[in-house]
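Chemist: curious how this folds, go ahead:
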Amino acid sequence: MTDLHLWLIPLVPVAGFLVNGLFGRKFPKALVTAVAIIAAALPMLQVAGIVYRFSSLTRPYIESHGTWIVTGAFHANFAFQLDQLSMVMLCVVTGVGFLIHVYSIGYMAEEERYWRFFAYMNLFLFFMLTLVLSANFLLMFVGWEGVGLASYLLIGFYYTRDSAANAGKKAFLYNRVGDVGFLLAMFLLIAHFGTLDFSNVFAVIGANPALHGGILTAIGLLLLLGACGKSAQIPLYVWLPDAMEGPTPVSALIHAATMVTAGVYMIARAHIIFDRSAIALLTVAAIGTATAFLAATIGMMQTDIKRVLAYSTVSQLGYMFLGCGVAAYSAGVFHLVTHAFFKALLFLAAGSVIHALGGEQDMRVMGGLRKKIPVTFWTMTAAVFAIAGFPPLCGFVSKDEILYQAFVHSEAGKIFWAIGLLTAGLTSFYMFRLWYMTFFGESRAVAHEEAAASVHARHDTKLTLEAEHAHPVHESPKSMLVPMIILAILCVIAGAMGWPEGLGGTNWFSHFLAPAVTTVHLPYEQARVALATGAVHTPGENQAPAPAKDLEILLAIASTLVALCGWYIAHLMYFKRRDLPARLAARFRAVYAFVFNKYWVDELYGVLVVAPVLFIARWVLAALLDRGVIDGGGLLAGYTAQGFGSLAARIQSGNIRSYAGWLAAFAALLLVAVYFGWTTHFGIR
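Modeler: Sure, this is the predicted structure:
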């Protein structure tokens with residue numbers, strides 16, 4: 001394959017960031033928009049051109065732009081890599097990212113810091129593309145940290161509001177905890193392989209069948225810690241729901257196309273390491289399953305429309321981890337792709353609802369919007385049915401494949417399948433709960449004055465009180481609706497890419513991705529040559545067992561029935577008998593409070609982690625060490641010097657009689673010392 005100029009893909013968004021970031025304050029809004037949209041569109045067009053030529057790619061394509069770091073025997077190149085996995089991620093990031101940029105034109109139209117918002121959005125896109133294209137762990141870490149920085153800036157975009165500023169800091173700090181794991185994993189890779197290049201590390205592992213567990217388990221678990229931070233899994237998931245403080249397009253970008261999927265991508269990229277450690281794989285599956293279930297139960301009780309979707313993201317990421325944890329990497333990545341479509345649509349549709357209601361996000365004061373904003377209703381309906389797992393929509397296909405792969409994986413996998421199936425029912429319930437509360441029944445909208453107060457408190461709005469009176473509930477502009485319509489179409493048709501063979505399909509996606517998620521098979525000495533020369537080798541063929549058709553059909557029927565049960569319960573509670581939720585909450589008050597308050601995990605972290613750290617920082621480090629030892633030592637030295645100086649000043653008074661008196665006093669003191677023998681220590685007798 002001829003030179004693809006991969007470096008241009010991330011270069012264009014960073015150029016858009018620099019132009020709008022440096023000069024956007026003085027640009028007219030139309031020029032800011034043009035710069036931002038072009039910076040998002042050109043990478044998408046280049047990726048489309050690469051897709052057109054991709055059939056000729058028979059092995060990973062590496063594009064090196066010189067040596068970046070050299071120290072001793074270690075060196076790292078500034079290099080990009082293109083294979084089936086990075087190709088999929090490029091399509092998702094540039095395609096969905098571009099649609100969210102277009103949507104933002106209408107949503108952020110009245111924002112005073114319009115130029116800054118789009119500068120940050122382009123910066124986010126640059127770092128995510130760098131992460132996806134990197135050919136080694138070090139460059140991946142640059143993109144990894146970069147999306148963390150960009151998310152901090154976007155989540156805290158309304159930095160004058162304490163809740164937004166705190167949410168940005170929370171996201172930043174929790175991700176730093178995970179990043180410690182990523183850094184330690186890189187140190188171990190350097191110590192044991194002498195390189196961070198994907199191709200070289202994976203070739204040596206693949207060529208040495210005896211290399212299992214041990215150091216690979218340690219590296220895998222540390223990488224998993226990093227993935228848990230970035231992809232919001234237990235125990236580092238609590239930052240993601242608070243990230244809703246950012247503007248709604250930011251939520252769509254973070255949840256759908258970029259940051260939170262980085263952990264899943266990293267595990268799939270490093271799959272050879274995880275394949276050689278049963279402990280690491282089991283831990284990935286267990287954390288994913290537990291997170292999926294926990295987040296789904298919390299999502300059932302939330303009343304803020306964006307927070308319901310936030311916990312839904314945490315739960316769906318758990319499914320992706322489950323897929324990777326049972327070594328079904330293609331299924332996990334396919335759910336990443338379909339999730340990008342329906343979750344981006346859900347957030348954009350939620351933003352359209354919020355826009356129509358002048359900033360209101362509480363579902364308890366919504367209702368009756370089905371006929372007032374019909375395009376938003378129908379597009380969001382497609383996303384709701386997709387995430388709930390109804391065939392033939394894309395969410396059904398990808399989620400069902402993960403559950404099937406978990407079931408056939410092992411005995412432990414059957415436990416994961418049972419929990420995942422229950423979680424699918426909870427997902428269907430809370431998504432149809434959102435659907436009914438938002439669009440059906442009578443309008444429960446608050447009075448204009450109360451809505452205005454809520455708007456002012458959230459600040460994530462574009463309408464003033466006067467504008468609300470002048471413009472009642474209305475459909476969003478075309479710049480917001482067109483991306484939603486495109487995503488809705490993808491929700492309906494994208495499942496065809498991965499339709500399982502057991503259900504009569506070809507599972508094209510799995511076959512396409514197989515070369516990138518299959519272990520490299522090389523003679524050991526040849527792998528050592530690859531380690532020294534940087535040669536790239538083609539992965540072996542996918543050896544996945546043929547699916548059991550009858551079993552897959554049976555499991556698909558079971559998951560569909562569970563989704564129907566979730567819909568029916570939501571239909572009963574939020575459409576036919578709307579008094580039932582309040583009655584159940586009153587009857588099971590303790591359980592309701594426990595789940596509604598998110599199991600008090602934040603409060604528990606506050607007691608077990610935050611309070612001790614603050615105590616050590618404020619009292620041990622600041623009060624005792626800083627003010628007591630460091631400042632106290634400095635003050636003691638100063639007072640000592642001041643005392644001796646004062647004494648010397650009294651001696652050097654210029655008074656002859658004073659000098660004689662001091663001379664006599666010191667002479668008498670010397671005689672006493674000689675008499676008692678005190679001076680023998682100094683050689684004076």
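
Chemist: okay, CA-based contacts and neighbour counts for the rest of this
Modeler: OK.

Chemist: show me the strands in the stretch 1-150 of the chain, by range?
Modeler: Taking DSSP state E, counting those that start in this stretch, the strands of the stretch 1-150 of the chain run over residues 61-71, 74-82.

Chemist: stretch 611-621: end-to-end distance?
Modeler: With C-alpha to C-alpha, to the nearest Å as the measure, the ends of stretch 611-621 fall 14 Å from one another.

Chemist: what separates that stretch from the chain centre, distance-wise?
Modeler: 29 Å (C-alpha atoms, centre = their mean, to the nearest Å).

Chemist: where are the low-confidence patches of the stretch 1-150 of the chain?
Modeler: Counting by pLDDT under 70, the stretch 1-150 of the chain contains low-confidence ranges at 1-2, 55-58.

Chemist: let's see it at 90
Modeler: For the stretch 1-150 of the chain, the stretches flagged by pLDDT under 90 are 1-7, 49-77, 106-113.

Chemist: what are the ranges of the helices in it?
Modeler: Per DSSP state H, counting those that start in this stretch, the stretch 1-150 of the chain carries helices over the ranges 8-23, 29-53, 84-107, 114-133, 137-155.

Chemist: which one of those helices lies nearest to L345?
Modeler: With respect to L345, and counting by C-alpha to C-alpha, the nearest of the helices of the stretch 1-150 of the chain is helix 84-107 at 9.4 Å.

Chemist: which strands and helices sit next to that closest one?
Modeler: Under the contact criterion of 3 or more C-alpha pairs under 8 Å, 6 or more residues apart in numbering; DSSP states H and E, helix 84-107 touches helix 29-53, helix 114-133, helix 248-252, helix 329-356, helix 478-493, helix 508-513.

Chemist: one more time with 7 Å, if that's ok
Modeler: Using 3 or more C-alpha pairs under 7 Å, 6 or more residues apart in numbering; DSSP states H and E as the contact test, the elements touching helix 84-107 are helix 29-53, helix 114-133, helix 478-493, helix 508-513.

Chemist: contacts for that helix, please.
Modeler: With contact meaning C-alpha atoms under 7 Å, 6 or more residues apart in numbering, helix 84-107 is reached by 37, 40-41, 43-44, 47, 132-133, 249, 253, 257-258, 337, 477, 479-480, 483, 512-513, 516.

Chemist: returning to what we had before: among the strands of the stretch 1-150 of the chain, which is nearest A310?
Modeler: Closest to A310 of these is strand 74-82 (C-alpha to C-alpha; 31.1 Å).

Chemist: distance between that closest one and the chain's centre?
Modeler: On C-alpha atoms, centre = their mean, the centre of strand 74-82 falls 24 Å from the chain's centre.

Chemist: quick check: the gap between D162 and S251.
Modeler: Shown here: D162 relative to S251, a distance of 18 Å by C-alpha to C-alpha.

Chemist: shouldn't L211 be within a strand?
Modeler: No - counting by DSSP: H, G, I helix; E, B strand; the rest coil, L211 is not found in a strand; it is coil.

Chemist: what's the local residue count around it?
Modeler: Around L211 sit 15 other residues, with neighbours defined as other C-alpha atoms under 10 Å.

Chemist: in contact with it: list those residues for me.
Modeler: L211 makes contact with I205, according to C-alpha under 7 Å, 6+ apart.

Chemist: what do you get if the cut-off is 10 Å, keeping everything else the same?
Modeler: Counting by C-alpha atoms under 10 Å, 6 or more residues apart in numbering, L211 touches V204, I205, I273, R276, S277.

Chemist: before we move on, back to that, if you count what's nearby, which of D162 and S251 comes out ahead?
Modeler: Each of D162 and S251 had its neighbours counted (other C-alpha under 10 Å), and the higher figure belongs to S251 (26 against 12).

Chemist: quick check: closest non-adjacent residue to that one.
Modeler: In this structure, S251 finds its nearest non-sequential neighbour in M244, 6.2 Å apart by C-alpha to C-alpha, 6 or more residues apart in numbering.

Chemist: which residue is the nearest non-sequential neighbour of the most centrally placed residue in the chain?
Modeler: Compute the mean C-alpha point of the chain, and by C-alpha atoms, centre = their mean the closest residue is V260, 2.7 Å away. Counting by C-alpha to C-alpha, 6+ apart, the nearest residue to V260 once its immediate chain neighbours are dropped is S231, at 4.2 Å.

Chemist: distance of that neighbour from F407?
Modeler: Here the criterion is C-alpha to C-alpha. By it, S231 lies 24 Å from F407.

Chemist: between these two, which one's more packed in?
Modeler: For the pair S231 and F407, the greater number of neighbours falls to S231 (28 against 21), based on other C-alpha under 10 Å.

Chemist: and that one, what pLDDT?
Modeler: In the prediction, the pLDDT value recorded for S231 is 91.

Chemist: repeat for L463
Modeler: pLDDT recorded at L463 is 39.

Chemist: thinking again about what came up before, tell me who's in contact with the residue nearest to S251.
Modeler: With the criterion set at C-alpha under 10 Å, 6+ apart, M244 makes contact with 155-156, 164, 167-168, 250-252, 254, 304-307, 309-310.

Chemist: quick one: low-confidence parts of the stretch 251-400 of the chain?
Modeler: Low-confidence regions of the stretch 251-400 of the chain, defined by pLDDT under 90, span residues 251-261, 355-362, 364-368, 370-371.

Chemist: end to end, how far does stretch 259-277 reach?
Modeler: First residue to last in stretch 259-277 (C-alpha to C-alpha) measures 26 Å.

Chemist: kindly apply the preceding question to stretch 625-634 instead.
Modeler: Using C-alpha to C-alpha, one end of stretch 625-634 lies 12 Å from the other.

Chemist: thought V562 was touching S428?
Modeler: Yes - under the criterion of C-alpha atoms under 10 Å, V562 makes contact with S428 at 8.2 Å.

Chemist: more neighbours: which of those two?
Modeler: When V562 is set against S428 and neighbours are counted by other C-alpha under 10 Å, the residue ahead is S428, at 28 against 24.

Chemist: what's the distance between the nearest residue to S315 once chain neighbours are set aside and F416?
Modeler: Nearest residue to S315 in three dimensions, chain neighbours excluded: A292, at 3.7 Å (C-alpha to C-alpha, 6+ apart). Remark: distance between A292 and F416 (C-alpha to C-alpha) = 10 Å.

Chemist: so for these two, which sits in the more crowded spot?
Modeler: Set A292 next to F416 and count neighbours by other C-alpha under 10 Å: A292 wins out with 30 against 24.

Chemist: can you tell me the helix or strand for A191?
Modeler: Take DSSP states H and E as the rule and A191 turns out to sit in helix 162-193.

Chemist: tell me what angle that helix forms with helix 137-155.
Modeler: Between helix 162-193 and helix 137-155, the angle formed by their directions is 180 degrees, by axes from the mean of the first three to the mean of the last three C-alpha atoms, to 10 degrees.

Chemist: next, the buried residues of helix 162-193.
Modeler: 163-190, 193 (16 or more other C-alpha atoms under 10 Å).

Chemist: for the helix or strand hosting A563, buried residues please.
Modeler: The secondary structure element spanning A563 is helix 549-571 (assigned by DSSP H and E). The neighbour-count check on helix 549-571 (16+ other C-alpha under 10 Å) flags 552, 555-556, 559-560, 562-571 as buried.

Chemist: do the same with stretch 361-378
Modeler: The neighbour-count check on stretch 361-378 (16+ other C-alpha under 10 Å) flags 361-370, 373, 375-378 as buried.

Chemist: among these, which two are most distant?
Modeler: With distances taken as C-alpha to C-alpha, the most widely separated pair in the buried residues of stretch 361-378 is R364 and V375, at 21.7 Å.

Chemist: now list whatever residues contact both of A292 and F416.
Modeler: Common neighbours of A292 and F416 (criterion: C-alpha under 10 Å, 6+ apart): A286, Y319, L322.

Chemist: what's near enough to touch the second one?
Modeler: Residues counted as contacts of Y319 (C-alpha under 10 Å, 6+ apart) are 285, 287-293, 313, 325, 331-332, 335-336, 398-399, 402-403, 416, 420, 423-424.

Chemist: repeat for A593
Modeler: Listed by C-alpha under 10 Å, 6+ apart, the contact partners of A593 are M301, A585, A586, Y599, W600.
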